[in-house]
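**Student:** I'll drop the sequence and a predicted model, then ask my questions.
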There are 2 protein chains.
Amino acid sequence: MIERHLAKLRARDDISAEEEEAIRWAVADYREYPSRKTIIPAEQELTFSTLLLSGMLARFKDLRSGGRQITELHVAGDFADLHSFTLKRLDHAVETLGPCKVALVPHDRLREITVRYPHLTRVYWFTTNLDAAIHREWVFSLGQRRAQQRMAQLFCEMHIKLSLVGLVENGSYDLPLTQEELGQVLGLTSVHVNRTLQLLREQGTVEFRSGRVTIFDVEQLRHSAEFDPSYLYLEKRPR
Amino acid sequence: MIERHLAKLRARDDISAEEEEAIRWAVADYREYPSRKTIIPAEQELTFSTLLLSGMLARFKDLRSGGRQITELHVAGDFADLHSFTLKRLDHAVETLGPCKVALVPHDRLREITVRYPHLTRVYWFTTNLDAAIHREWVFSLGQRRAQQRMAQLFCEMHIKLSLVGLVENGSYDLPLTQEELGQVLGLTSVHVNRTLQLLREQGTVEFRSGRVTIFDVEQLRHSAEFDPSYLYLEKRPR
DNA sequence: CGATTTTTTGAACGTGCTCAATTACAGTGG
DNA sequence: CCACTGTAATTGAGCACGTTCAAAAAATCG
């Protein structure tokens, strides 16, 4: 069940058999959720972290006056809230974007890992730092890129994240978002998302239809977004 | 020299005398830099992290086609790049916003801390997760708030961060940025920054002049930005 | 004091938003 | 199988926030 998670970790560093065993030991329970369900409310005291096994999750923050911003999209193999281990509560909520299976990892087992497995601790620390790097890229994107580039950048990012866990079939992958929600990721209205999607479609580089992205020309797409994957830290090295 | 750093840590959790000793041991060297100098270039292999003792630092990313986005502002007591310990290189650069004094902490000493001081490790892990929470708030702000709210939110955030290390004098603090750079933080042009500053000034809630922010009405300012400091995790509790 | 940077102002423009209506689509029950 | 319902996608028109370009005024620094 946690194979995708291990694949993600092993793409960045070696994980020993003993460490793998520790990870398996840390999982206390499994759970399934239906689509569009808030599985972690903001500000709530948490005693375990949630590891996504299949499906997709969104972290989001709401403005009292109506707006919603999605701050990260999680794919199978990601910890949705490993950071809740040190934060104890979250400044955002997490909801499912489709049916999801998750594994629950109690914080006291994570604490045990920090005591007994320093290297594994550093690897997990790395993964939260990777989330932060993705946040920075989104800050960059929202601040400096216009709608078209912004959307292209997102499609490139998801393409790589999903590739790592084997969920891309020749340039095509599931992204179970409505245009409204895509707008909540990109800081755009659904109307403008619709118009921007049409432009990209006409250019023939990428298409988004009924929750599925199809990239026709990766090079062109990356070029148009000035996409540089270095912030995804794809190289494997000792942490 | 590292008193401000300890103050910041101790605002969120207890740090024992032994842990304090470990932190002092971890500092290998001190350095000073002039204003407007890039002290950590992007993508470079790093073997130590930089702890800011005095002055202010900015993390930023450049777009090939010209734009620059500042992704975080660091104040005295912050580690500017503790995340480089696990990332090994950074996806952004760091520059001084005025004369700065820093302490250098070699990564191998941080590694030693992860082996010998699990609790201190969790505290440091927490601080990088706090950086990520600040990134999320910026993503939220750039995506959902308009210029005026966005600027108000930034002034509120810096007010709190600087308060924690005693650098606010009745609602007034140094923010050594030009309006151009403030625009690079907020995703706005310098022209619009100027006009937005005038609006805020006319409303009498806050003023920004020659690198210094003066807040006349904190409540009003927070209200106008829908500012909620929960993302700064100001409560002290065991990590 | 002169040189340079920063702030400020004006005017035209454009990207993206708002509001509102229409069309397409998916799921449901008869 | 089709009408019915609700959600999602699409289109249009007008508007506003923020940009661009350019110039002037003010502040800062040797």
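**Tutor:** On my side now, so go ahead. Numbers count the residues shown, from 1 in each chain, chains lettered A, B, ... in the order given.
**Student:** next, the contact list for the one residue sitting closest to the centre of chain A, please.
**Tutor:** Nearest to the mean C-alpha position of chain A, by CA atoms, centre = their mean, lies residue A:74 at 2.6 Å. Residue A:74 makes contact with A:52, A:56-59, A:80, A:94 under the criterion CB atoms under 8 Å, 6 or more residues apart in numbering or on different chains. Any C-beta I mention is one placed from the backbone N, CA and C, and that applies to glycine too.
**Student:** so which of those residues would you say is closest to residue A:126?
**Tutor:** Closest approach to residue A:126 among the contacts of residue A:74 (CB to CB): residue A:80, at 16.6 Å.
**Student:** correct me, but the closest one touches residue A:93?
**Tutor:** No - contact criterion CB atoms under 8 Å: residue A:80 and residue A:93 do not qualify, at 10.7 Å.
**Student:** what about residue A:35, neighbour count?
**Tutor:** For residue A:35, the neighbour count with other CB atoms under 10 Å in any protein chain shown is 13.
**Student:** ok, and which of the contacts of residue A:74 reach chain B?
**Tutor:** Checked against chain B using CB under 8 Å from any CB of the partner chain, the contacts of residue A:74 yield the following neighbours: residue A:59.
**Student:** looking at the contacts of residue A:74, which is nearest chain B?
**Tutor:** Checking the contacts of residue A:74 against chain B by CB to the nearest CB gives residue A:59 as the nearest, at 7.5 Å.
**Student:** still on that earlier bit, shared neighbours of residue A:80 and residue A:93, anything?
**Tutor:** A:40, A:59.
**Student:** so the two - more neighbours on which side?
**Tutor:** The residue with more neighbours, out of residue A:80 and residue A:93, is residue A:80; 23 against 18, by other CB under 10 Å.
**Student:** got a list of what the more buried one touches?
**Tutor:** Here residue A:80 is in contact with A:40, A:49-52, A:57, A:59, A:74, A:94, A:102 (criterion: CB under 8 Å, 6+ apart).
**Student:** quick check: the closest residue to DNA strand C within chain A vs chain B, distance?
**Tutor:** Using CB to the nearest atom of the strand, the closest approach of chain A to DNA strand C is made by residue A:192 at 3.0 Å. Counting by CB to the nearest CB, to the nearest Å, the separation of residue A:192 from chain B is 13 Å.
**Student:** isn't there a helix covering that residue?
**Tutor:** Yes - per DSSP: H, G, I helix; E, B strand; the rest coil, residue A:192 lies within a helix segment.
**Student:** which ones are touching it?
**Tutor:** Applying CB under 8 Å, 6+ apart, the residues contacting residue A:192 are A:147, A:183.
**Student:** pLDDT score assigned to it?
**Tutor:** We have a pLDDT of 97 for residue A:192.
**Student:** and for residue A:47?
**Tutor:** 97.
**Student:** since we're on the residue lying closest to it once chain neighbours are set aside, how many residues are nearby?
**Tutor:** In space, and not counting its chain neighbours, residue A:47 is closest to residue A:107: 5.5 Å by CB to CB, 6 or more residues apart in numbering or on different chains. Residue A:107: 16 surrounding residues under other CB under 10 Å.
**Student:** residue A:107 touches residue A:50, doesn't it?
**Tutor:** No - with contact defined as CB under 8 Å, residue A:107 does not reach residue A:50; the gap is 11.3 Å.
**Student:** what's the closest of the contacts of residue A:74 to residue B:35?
**Tutor:** residue A:59 (36.8 Å).
**Student:** how about that closest one, secondary structure?
**Tutor:** strand.
**Student:** who does it form a beta bridge with?
**Tutor:** residue A:72, residue A:94 (DSSP bridges).
**Student:** now do the contacts for it.
**Tutor:** Residues in contact with residue A:59 (CB under 8 Å, 6+ apart) are A:70-74, A:80, A:92-94, B:136.
**Student:** contacts with DNA strand D among those residues, please.
**Tutor:** Among the contacts of residue A:59, no residue lies close to DNA strand D (CB under 7 Å from any atom of the strand).
**Student:** turn those into CSV, columns for distance to residue B:146.
**Tutor:** CSV is the format used below for the contacts of residue A:59 (distance: CB to CB, whole Å):
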residue, distance to residue B:146
A:70, 19
A:71, 19
A:72, 23
A:73, 25
A:74, 29
A:80, 30
A:92, 21
A:93, 23
A:94, 27
B:136, 19
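**Student:** okay, now the domains of chain A?
**Tutor:** A:3-137, A:143-232 (automatic domain parsing).
**Student:** could I get those as JSON lines with distance to residue B:217?
**Tutor:** Output for the domains of chain A, formatted as JSON lines (distance: least, CB to CB, whole Å):
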{"stretch": "domain A:3-137", "distance to residue B:217": "19"}
{"stretch": "domain A:143-232", "distance to residue B:217": "28"}
